[in-house]
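# Turn this into a structure:
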Amino acid sequence: MNCTSKWNYCVEGIASYQVLEEVSTKISNRYKVLYNSITREVNSECLLFESRGILCCHSLTVLSIERVDKVDQRYVLERWSKKVKRNYTNISSSYDEPVLDETTQRYNGALSRCFKACQVGSKSEGRTAIVHR
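You can find the predicted model right below:
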């Protein structure tokens, strides 16, 4: 993080910071960051969290200044969790054990039937409509 910050003001538990991010030796960007000490919410003008689900360096700089040692759970999206189930884990590969679990076996069976339905359905407009339904 190559960010420096300057405290602006604090009103009713909401602190305002001006964060300067050095992009290069000649280029720097300024962002306004608000931190609510009551709700522990941080908002940056760059909107990286709102658009991509990643806390930006500007927000992290302010959280550091505010001595927040644990990020609020709202900033840890489910997709970053180890517990999230991803569909690609059902796809078998040559590295898998010979005995596949029941979920993967059902997935492989359904996938095989889908491929056959798509092959047959693609031969005409009428068949394609049936497959879509």
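# in stretch 47-60, what counts as buried?
Across stretch 47-60, burial judged by 16 or more other CB atoms under 10 Å covers 48-49, 55-60. (Each C-beta comes from the backbone N, C-alpha and C, glycine too.)
# Pull the most distant pair out of those.
Maximum pairwise distance in those, criterion CB to CB, is 11.5 Å, between 49 and 57.
# Would you enumerate the residues in contact with the spatially most central residue of the chain?
For the chain, residue 53 is the residue whose C-alpha lies nearest the centre (CA atoms, centre = their mean; 4.2 Å). Residues near residue 53 by CB atoms under 8 Å, 6 or more residues apart in numbering: 77, 79-80.
# a markdown table for those, including secondary structure and neighbour count?
Output for those, formatted as a markdown table (DSSP: H, G, I helix; E, B strand; the rest coil; neighbours: other CB atoms under 10 Å):
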| residue | secondary structure | neighbour count |
| --- | --- | --- |
| 77 | coil | 13 |
| 79 | helix | 8 |
| 80 | helix | 10 |
